[in-house]
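A.B. asks: quick one: sequence plus predicted model below, questions after.
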Amino acid sequence: MSYTSSYQNSQKNLLFSIVLNIIITASQVVGGFLSGSLALLSDALHNFTDVVSLVISYVASKFSAKSATSDKTFGYKRAEIMAAFVNSASLIIIAVILIKESIVHFINPRTINSDLVIWLSALAIVGNGLSVLLLLKDRKTNMNLSSAYFHLLTDMLASVAVLIGGLLMKFYGIYWIDSVLTFAIAVYLIFVGMKLFKDSFKVLMLYTPTHIEIEDIVTKINALPLVKNMHHVHIWQLNEIELHLEAEIDFKEDITLSKFDKLLVEIEDILLKDYGINHINIQPEFNKSDNKNIIVQD
């Protein structure tokens, strides 16, 4: 399947998931108020954040495909990373609110209409389960869709917990389980959200990807013929598929441009095959008086 075809399919899957979650959220909000279930309302609130996050993800993926312009030379390639950051942050914030509310309702439990809880949680499981399956493949290669996927997965798991809670309330009258499940859902949200938050934050802050050792790269490049010193190195991830490197290389001889071009091809081949770096910008130098440290703060 071509990249274009795969991209279009992921867009359709994302849009379908948005529609499903709008239906689920509306149903759970009404059912939550009618039944008096905090867990069901919490699940509805979580689903609502999913609707928002999925819309952000959808818009971001659309923008990321736009062409670069003179005032936006990178286009909107970082839109999906921004969406992942916002989505993960929203997960953590919602989780904190849920924890607070679960403690209040655990201290003062109340009778809940368990039938509504059971049927609406079952509806959410089916809807979110279908959305999870639709995004399962795309989430492995795209941080933005990965954040949407985990939103939906946690929703589905939360709905399973709510369903179990509804059954316990119906047959055993254990109404405090509603607050306990809410607390458990919130803790899981924090766990998942924090990882996505850290990953997207590192990309936005232009951190060197964790799988890359700059010193190892410098050692390999310095071992090439005519290379005297590779320094002033910057490595960053622009988006899901672009890894950039810029550096200065001091050469042993005052080489011609044609020689530099041949050596540049060799450098590009090493960086791509060994480190996955696919965008390279090298500044050639000869006997230039400047800072030769590997890392230089501009």
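C.D. replies: Happy to help now that I have it.
A.B. asks: which stretches of the stretch 101-250 of the chain form strands?
C.D. replies: 227-237, 243-251 (DSSP state E, counting those that start in this stretch).
A.B. asks: could the ones you listed go into JSON lines alongside mean neighbour count, mean pLDDT and distance to residue 44?
C.D. replies: Every residue, glycine included, has its C-beta placed from N, CA and C. Putting the strands of the stretch 101-250 of the chain into JSON lines (neighbours: other Cβ atoms under 10 Å; pLDDT from 0 to 100; distance: least, Cβ to Cβ, whole Å) gives the following:
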{"stretch": "strand 227-237", "mean neighbour count": "19", "mean pLDDT": "95", "distance to residue 44": "35"}
{"stretch": "strand 243-251", "mean neighbour count": "19", "mean pLDDT": "96", "distance to residue 44": "40"}
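A.B. asks: closest one to residue 294 among these?
C.D. replies: Closest to residue 294 of these is strand 227-237 (Cβ to Cβ; 5.5 Å).
A.B. asks: the closest one: how far from the chain's middle?
C.D. replies: Offset of strand 227-237 from its chain centre (Cα atoms, centre = their mean, to the nearest Å): 28 Å.
A.B. asks: what is it packed up against?
C.D. replies: helix 214-222, strand 243-251 (3 or more Cβ pairs under 8 Å, 6 or more residues apart in numbering; DSSP states H and E).
A.B. asks: point out where the stretch 101-250 of the chain drops to low pLDDT.
C.D. replies: Where the stretch 101-250 of the chain drops to pLDDT under 70, the residues are 138-144, 147.
A.B. asks: ok so, going back, next, format the strands of the stretch 101-250 of the chain as JSON lines and append distance to residue 100.
C.D. replies: Converted to JSON lines, these look like this (distance: least, Cβ to Cβ, whole Å):
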{"stretch": "strand 227-237", "distance to residue 100": "36"}
{"stretch": "strand 243-251", "distance to residue 100": "41"}
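A.B. asks: check the burial of residue 174 by counting its neighbours.
C.D. replies: Residues lying near residue 174 (other Cβ atoms under 10 Å) number 15.
A.B. asks: actually residue 222, not the one I typed
C.D. replies: 14.
A.B. asks: which one of the helices and strands packed on strand 227-237 lies closest to residue 29?
C.D. replies: With Cβ to Cβ as the criterion, residue 29 lies closest to strand 243-251 of these, at 42.8 Å.
A.B. asks: and the closest residue to residue 247 other than its chain neighbours, how far is that from residue 50?
C.D. replies: Using Cβ to Cβ, 6 or more residues apart in numbering and skipping the chain neighbours, the partner closest in space to residue 247 is residue 233 (4.4 Å). Separation of residue 233 from residue 50 (Cβ to Cβ, to the nearest Å) stands at 40 Å.
A.B. asks: TSV for the helices and strands packed on strand 227-237, including distance to residue 115?
C.D. replies: Output for those, formatted as TSV (distance: least, Cβ to Cβ, whole Å):
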stretch	distance to residue 115
helix 214-222	60
strand 243-251	53
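A.B. asks: nearest to residue 183, out of those?
C.D. replies: Among the helices and strands packed on strand 227-237, the nearest to residue 183 by Cβ to Cβ is strand 243-251 (40.1 Å).
A.B. asks: that closest one pairs with which strands, parallel or anti?
C.D. replies: Taking DSSP bridges as the criterion, strand 243-251 sits next to strand 227-237 (antiparallel), strand 279-285 (parallel) in its sheet.
A.B. asks: returning to that earlier point: quick one: the residue nearest to residue 247 from residue 222, how far?
C.D. replies: Counting by Cβ to Cβ, the gap from residue 233 to residue 222 is 11 Å.
A.B. asks: equivalent analysis for residue 208, please.
C.D. replies: 18 Å.
A.B. asks: next, count neighbours for residue 134.
C.D. replies: Using other Cβ under 10 Å: residue 134 sits among 19 other residues.
A.B. asks: spatially nearest residue to it (excluding sequence neighbours)?
C.D. replies: residue 13 (3.9 Å).
A.B. asks: can you check residue 176 too?
C.D. replies: Spatial nearest neighbour of residue 176, chain neighbours left out: residue 109 (4.6 Å); criterion: Cβ to Cβ, 6+ apart.
A.B. asks: which element is residue 53 on?
C.D. replies: helix 38-64 (DSSP states H and E).
A.B. asks: how far does that helix sit from the chain's center?
C.D. replies: 13 Å.
A.B. asks: please apply the same query to stretch 172-183.
C.D. replies: With Cα atoms, centre = their mean, you get 31 Å for stretch 172-183.
A.B. asks: in it, what counts as buried?
C.D. replies: 175, 176, 177, 178, 179, 180, 181, 182, 183 (16 or more other Cβ atoms under 10 Å).
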